[in-house]
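*Asks:* Show me how the following folds:
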Amino acid sequence: MSWLPMIGMTALPHVGGLYGGFITRKEVKTWYKTLNKPSWRPPNKAFPVVWTCLYTGMGYGSYLIWKELGGFTEDALVPLGLYGLQLALNWAWTPIFFGAHKLKWAMVEIVFLTGTVGATMVSWYPINRTASLLLAPYLSWLCLATALNYRIWKDNPEEKEE
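*Replies:* Numbering: from 1, shown residues only. Have a look, this model is predicted:
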């Protein structure tokens, strides 16, 4: 049963992805369609494919770190703690952006997310270089997503609540 942690940790990020997809599916066809978006944004159909790959890579990377450090040990506290924080931030972005339609707060959140992923990579690198590099496509995608979030926020002023 030594393969169970690998399967579980690789699958874990997809839990939030499935939840996010549930929220996004309706909003892409309604609210998101009405927003001003930059011409360079990826097509909507690319997002589920990209996120499936990114979630698999980050999940497997977390398994490599967990295995290298002998499980959830004291040495694993920072690298897996940062991983858990970035995963929570990742899962929180979709309800903020697509669920609550709070573009500014989603922008603030994604900046913290991107920084946390960078910190996770730095903490993982001395433990397992492969695990750290498995997060590189994710960090790259987040840079694009941050720029996209910024453009959408700036190009779609939120109505002031009185």
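*Asks:* From here on, just use CA atoms for contacts and neighbour counts.
*Replies:* Will do.
*Asks:* Let me know the helix or strand that Phe72 is in.
*Replies:* Using DSSP states H and E, Phe72 is not contained in any helix or strand.
*Asks:* Ramachandran coordinates for the spatially closest residue to it that is not a sequence neighbour?
*Replies:* Counting by CA to CA, 6 or more residues apart in numbering, Phe72 lies nearest to Trp66, which is 6.5 Å off, once chain neighbours are set aside. Trp66 adopts backbone torsions of phi -60, psi -50, taken as degrees, to the nearest 10.
*Asks:* for Pro5, same thing?
*Replies:* phi -60, psi -40.
*Asks:* dump the residue contacts of it.
*Replies:* Neighbour list for Pro5: Tyr63 [criterion: CA atoms under 8 Å, 6 or more residues apart in numbering].
*Asks:* With Val49 instead?
*Replies:* Contacts of Val49 by CA under 8 Å, 6+ apart: none found.
*Asks:* Please apply the same query to Tyr138.
*Replies:* Counting by CA under 8 Å, 6+ apart, Tyr138 has contacts 54, 58.
*Asks:* does the closest residue to Pro38 other than its chain neighbours belong to a helix or a strand, and which?
*Replies:* Using CA to CA, 6+ apart and skipping residues adjacent in sequence, the residue nearest Pro38 is Arg151, 6.9 Å away. Per DSSP H and E: Arg151 is located in helix 136-155.
*Asks:* residues of that helix that come out buried?
*Replies:* By neighbour count on 16 or more other CA atoms under 10 Å, the buried set for helix 136-155 is 136, 138-139, 141-142, 145-153.
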